[in-house]
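>>> what follows is a predicted protein model with its sequence.
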Amino acid sequence: MTRKIMLLALILAFAAPAAHAGGYLGAGVGQAYTKVEETDISVDLDGDTTGWKVFGGYSFVKFFAIEVSYADFGSVKDSSSGVEITSEAKTYDAFAVGKIPFPVVEPFLKIGYASVDSTVSVAGLSSSDKSWDLAWGVGVGFNILKKLHLRLEYEQFDVSPDYDGIEPNSDLYMISASAAWRF
């Protein structure tokens, strides 16, 4: 019985009016925050920089969309115990987006996975890592014109890198402002 109800709910969700379906493309800029901490080798990097992203998505119904994006978190430099540390991170990600479409304001939540490409350099030695990690975000969009959509959002990436056997505690997030064109 539960499966029949779930199947009926899915059919009804995808049978919603086509007026809410459509794609969008956008770009944004914001404050990117990076923290890398490893107590065994005394690495402690904590800093922020300007980050940017491009994204695109498709709304199947007025409450749900799929979104993909590329984000560049820039290069963060810090020093710990007199040693310079540099970190760079980029992500390719995919999200399921749930939204509540009011006439002007559109709050949303998103959850997905990100391919995080990160590099850490300590005292001239560099190590890179590519990993798939959980990502999520929350924000609010503003429907300015029929096709123009502005949004503010917070995104967090639960990064778990492995730099040649060293697995530091890492935080990566961005607070951004974006503009998207709907078609």
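Yes, it's here.
>>> relative to T86, how far out is the closest residue to T34 other than its chain neighbours?
Spatial nearest neighbour of T34, chain neighbours left out: V76 (4.6 Å); criterion: C-beta to C-beta, 6 or more residues apart in numbering. Where you see a C-beta, it was placed from the backbone N, CA and C, and this is true even at glycine. Separation of V76 from T86 (C-beta to C-beta, to the nearest Å): 7 Å.
>>> tally of neighbours for the residue nearest to T34?
21 (other C-beta atoms under 10 Å).
>>> who touches it in this structure?
A32, T34, L45, G47, D48, T49, T86, S87, E88 (C-beta atoms under 8 Å, 6 or more residues apart in numbering).
>>> got the contact list for Y92?
Contact analysis of Y92 by C-beta under 8 Å, 6+ apart lists V68, S69, Y70, A114, S115, D117.
>>> by neighbour count, which of those wins?
A114 (26 neighbours).
>>> okay, and the beta partners of that residue?
Counting by DSSP bridges, A114 is bridged to D93, D133.
>>> go on, S59?
G22, A65.
>>> quick one, strands of this protein?
Under the criterion DSSP state E, the chain contains strands at 22-38, 43-61, 64-80, 83-99, 105-122, 125-143, 148-157, 169-182.
>>> now mean pLDDT too, for the ones you listed, in CSV please.
Converted to CSV, the strands of the chain look like this (pLDDT from 0 to 100):
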stretch, mean pLDDT
strand 22-38, 89
strand 43-61, 87
strand 64-80, 89
strand 83-99, 90
strand 105-122, 90
strand 125-143, 88
strand 148-157, 95
strand 169-182, 90
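>>> hang on, the earlier thing: pick out whichever of the contacts of V76 sits closest to L25.
L25 lies nearest to A32 out of the contacts of V76, by C-beta to C-beta, at 21.2 Å.
>>> for V61, give its distance to A96.
12 Å.
>>> between the two, which is the more surrounded one?
V61 (17 against 12).
>>> gap between that one and E37?
According to C-beta to C-beta, V61 and E37 sit 42 Å apart.
>>> next one: T49
18 Å.
>>> check which residues of stretch 89-98 are buried.
A89, K90, T91, D93, F95, V97 (16 or more other C-beta atoms under 10 Å).
>>> let's have those in a markdown table, adding distance to G56.
Shown next, in a markdown table, are the buried residues of stretch 89-98 (distance: C-beta to C-beta, whole Å):
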| residue | distance to G56 |
| --- | --- |
| A89 | 21 |
| K90 | 17 |
| T91 | 15 |
| D93 | 12 |
| F95 | 11 |
| V97 | 12 |
